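Peer 1: Structure for the following, please:
(2 chains)
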Amino acid sequence: MEILNALINITDKGAGFLHSIPALLIAIPLGAAFLAPILFKLWKRLAEIITGLAVTACLVLAIYLVLFLGNTPIVYTFSGGNWEFIQNLLPLGIVFVVDKLAAFMLLVVSILVFFAYLFGLKYLERFTGLGKYYTLYLLMFTGMIGLVMTGDLFNMFVFMEIAAISSYALVAFGTEPEELEAGFKYMVMGEIASIMILLSIAFIYSSTSTLNLAHLSYAFTQMQTQMASTPGFRAGFYFVLILLMFSFSLKAALVPFHSWLPDAHPSAPAPISALLSGVFIKVLGVYAMVRILYNVYGFSWESSPEVFTALIVLGLASIIAGSLLALNQKDYKRLLAYSSISQVGYIILGFGIGNLFALIGALAHILAHALGKGLLFLTSGSVVYRTGERDLGKLGGGLGKYMPWTSLTYNLGALSVAGIPPFLGFFSKMFIILGAIDLARVWDSDPSKPGWTMIAVAIIAGLFAVVTLGYLLKITNQVFWGKSEEKRTLKESPFIMVFAMVSLVVLLLAGGVAFFFWLKPELLGPAADVLLKGTKYGELVLPGLFGAGG
Amino acid sequence: MSGMTPIVKVIARTVAGFIFVYGCYIILYGHLSPGGGFAGGAIVAAGLILSRLAFGTSAAQERSTSISSSIFESSGGILFLLVAVLGLVIFAQGAGFFFKNLFPEFGKGGTLVSAGSIPLSNIAIGIKVGAAMLSIFVVLASTKYIFKE
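Peer 2: Modelled structure (predicted):
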């Protein structure tokens, strides 16, 4: 009660409450994560209740942030003493920075975590050790939230490890031999990426003496003159950049580095698969990479086309290879996992094209794919819950008659992921393709740049949207439609699971309908603007430093 | 598991208490000298693990140890978080933030009772790390027990 009253006191100040949201967003899931195992020993349901409260509170806070965050980012400094007098000039404390992009990512993460929690309430009943499950679930949530909000490179690494280590345990949560094997493989690959990130952080710290992202962007700007004169320095700069891009690509499962994902994501329980494919790879891989490339290094097509070319190549390779590999899969969840590789390729392609259209498209695809692929993995959980079977051949078809809601939500979700008009997935892919065409238009006026390549990119992106529909309809055809030979006694999944799936469909539809009215002007446009402004990020976080320097 | 030879048992019985007290010392002096919650917690856990290694425990005992150590671990985490959140909540008049010092005018610098809320955080980390190390040990020991069957 005391704490509640004090919280209300903070709320009364309005702006003060908005300012303390970053701390609360970390404190609530972290505290619930530690409470869950204790409460679980008292009564099993208490762990579920405390997790539900924490997840709902975070969703409410994220929505509040999205609605009321102004154009200046919240900079939350963990300063222990009277450090305010140089706070604007030099970063002494560790900072959290919540700008429009971070608020958008927070919303995406919280929505999917909330619905995956609802789905898990019934789905997880046959698992043992649920106290540990909820602890790991909340720790993974904390890690993702912290990674999105942090303004410090080493803190980013720490939160990434919190989320990653929880996910290794969650992938192996079923403790069947193949699940343990998938978890181990995932852990080895994930830790290789993490160690490479740590190595690059060491290089960055030794050459710039700072780890604050805003201060780093200042240091990298100063470094440009040094780079032009010293060739060795330039080589070192690109070595660190390649290390970072390699490790984030491994976390995001882009194509040359994707081999762990098709094993890891299907092995986890369905709500965790939904989270891993829906938001995890995007937060740990895509968001972290994009934040560093755009806001810290401040790259643009003018200054360093090689970085963006690399992103486009990685994205195209993921789209093509992911789709073609998915076509041939015989396992429900494995097919969806390959589809995730392909769809993350679209997101990276959008960030590689890098103009306003493509950035809006890429961010919209983060939202659309989080909801859509999360939904598809939840339907796989619903099918497994009733039949205990994941193999497309053994499922035998005709399930749609017994499980109408699962069938309906799967088909609508598949339409959205493939990009069929009324849904959000259509607008996201359309904007990525529009971005490619726009870049081709800009390049056409410059004879040194081949404009036709971007047209080719747009055509490939459009073509593989059709392939996406092809492999997703394969599940419709082999699982939900048709007639089964044997007579079955199957029922629809419990209400709460159906509710979670239907809500995600409604959100996808609402996102598509409200795309031009609300989503693009209020949410995606400002978030893309943060990325387009590049190193302006540093000026907003540390105004004193840039004022003195410029 | 019936434990090791009498020589090991006698020495372990003598040394384990000292190790435990030394660990507590490292935790409590963390704000004054090198050391702190993590190092001290590891030493405390070393003392507890030593007696388990020397004397051996049955599976039933290890189950109860794993339950109590997981409770201690969670409480340590909650205590640490509570210190941080109280800094945000108590000073509600615009001055509070996460990890704010709860006792700014507390104690005399350089003495044991000083440094505001840092000793509290150190104790919390000590509990958490000690219990976590112990439960890792228990898990490793009991997993081996299962595989033998």
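Peer 1: For the rest of this, base every contact and every neighbour count on C-alpha atoms.
Peer 2: Noted.
Peer 1: Enumerate every residue touching residue 124.
Peer 2: No chain specified, so I'll use chain A. A:130, A:269 (C-alpha atoms under 8 Å, 6 or more residues apart in numbering or on different chains).
Peer 1: oops, I was thinking of chain B
Peer 2: Contacts of residue B:124 by C-alpha under 8 Å, 6+ apart are B:37, B:75-77, B:79-80.
Peer 1: Adding distance to residue A:498, secondary structure and neighbour count, write those residues out as JSON lines.
Peer 2: JSON lines is the format used below for those (distance: C-alpha to C-alpha, whole Å; DSSP: H, G, I helix; E, B strand; the rest coil; neighbours: other C-alpha atoms under 10 Å in any protein chain shown):
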{"residue": "B:37", "distance to residue A:498": "47", "secondary structure": "helix", "neighbour count": "28"}
{"residue": "B:75", "distance to residue A:498": "36", "secondary structure": "helix", "neighbour count": "22"}
{"residue": "B:76", "distance to residue A:498": "38", "secondary structure": "helix", "neighbour count": "25"}
{"residue": "B:77", "distance to residue A:498": "36", "secondary structure": "helix", "neighbour count": "22"}
{"residue": "B:79", "distance to residue A:498": "38", "secondary structure": "helix", "neighbour count": "20"}
{"residue": "B:80", "distance to residue A:498": "39", "secondary structure": "helix", "neighbour count": "22"}
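Peer 1: Can you narrow the residues you listed down to the ones near chain A?
Peer 2: B:75, B:77 (C-alpha under 8 Å from any C-alpha of the partner chain).
Peer 1: quick check, nearest of the contacts of residue B:124 to residue A:40?
Peer 2: Nearest to residue A:40, judged by C-alpha to C-alpha, of these is residue B:75 at 13.5 Å.
Peer 1: For residue A:450, which non-adjacent residue is spatially closest?
Peer 2: residue A:443 (6.7 Å; C-alpha to C-alpha, 6 or more residues apart in numbering or on different chains).
Peer 1: and residue A:92, what pLDDT?
Peer 2: On pLDDT, residue A:92 comes in at 67.
Peer 1: Spell out, range by range, the strands that occur in chain B.
Peer 2: Under the criterion DSSP state E, chain B carries no strands.
Peer 1: so who does the residue nearest to residue A:450 touch?
Peer 2: Residue A:443 neighbours (C-alpha under 8 Å, 6+ apart): A:449-451.
Peer 1: and these, which are buried?
Peer 2: residue A:451 (16 or more other C-alpha atoms under 10 Å in any protein chain shown).
Peer 1: Any chance of a markdown table for the contacts of residue A:443, columns distance to residue A:234, pLDDT and secondary structure?
Peer 2: A markdown table is the format used below for those (distance: C-alpha to C-alpha, whole Å; pLDDT from 0 to 100; DSSP: H, G, I helix; E, B strand; the rest coil):
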| residue | distance to residue A:234 | pLDDT | secondary structure |
| --- | --- | --- | --- |
| A:449 | 25 | 80 | coil |
| A:450 | 27 | 83 | coil |
| A:451 | 29 | 82 | helix |
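Peer 1: residue contacts, the residue of chain B found nearest chain A?
Peer 2: Scanning chain B for proximity to chain A using C-alpha to the nearest C-alpha identifies residue B:74 as nearest, at 4.8 Å. Contact analysis of residue B:74 by C-alpha under 8 Å, 6+ apart lists A:34-35, A:37-38, B:128.
Peer 1: List just the nearest of the residues you listed to residue A:465.
Peer 2: Nearest member of the contacts of residue B:74 to residue A:465, counting by C-alpha to C-alpha, is residue A:34, at 43.2 Å.
Peer 1: With adjacent residues omitted, what lies nearest to that closest one?
Peer 2: Per C-alpha to C-alpha, 6+ apart, closest to residue A:34 is residue B:74, 4.8 Å.
Peer 1: Residue A:332 too?
Peer 2: Take residue A:332 and drop its neighbours on the chain: the residue closest to it by C-alpha to C-alpha, 6+ apart is residue A:390, 5.4 Å away.
Peer 1: again, but for residue A:267
Peer 2: Using C-alpha to C-alpha, 6+ apart and skipping residues adjacent in sequence, the residue nearest residue A:267 is residue A:179, 5.2 Å away.
Peer 1: residue contacts, that neighbour?
Peer 2: Each residue near residue A:179 by C-alpha under 8 Å, 6+ apart is listed here: A:171-173, A:264, A:267-268.
Peer 1: what does residue A:252 give?
Peer 2: A:281-282, A:284-286, A:344.
Peer 1: how about TSV for the residues you listed, with neighbour count, distance to residue A:307 and secondary structure added?
Peer 2: Output for those, formatted as TSV (neighbours: other C-alpha atoms under 10 Å in any protein chain shown; distance: C-alpha to C-alpha, whole Å; DSSP: H, G, I helix; E, B strand; the rest coil):
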residue	neighbour count	distance to residue A:307	secondary structure
A:281	24	20	helix
A:282	27	19	helix
A:284	26	19	helix
A:285	22	16	helix
A:286	23	14	helix
A:344	29	18	helix
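Peer 1: among those residues, which two are most distant?
Peer 2: Spanning the widest gap among the contacts of residue A:252 are A:284 and A:344, at 12.2 Å by C-alpha to C-alpha.
Peer 1: Nearest residue to residue B:110 in space, please, no chain neighbours.
Peer 2: Per C-alpha to C-alpha, 6+ apart, closest to residue B:110 is residue B:32, 6.5 Å.
Peer 1: repeat for residue A:289
Peer 2: Using C-alpha to C-alpha, 6+ apart, the closest residue to residue A:289 is residue A:248 (5.9 Å).
Peer 1: Appreciated, that's everything.
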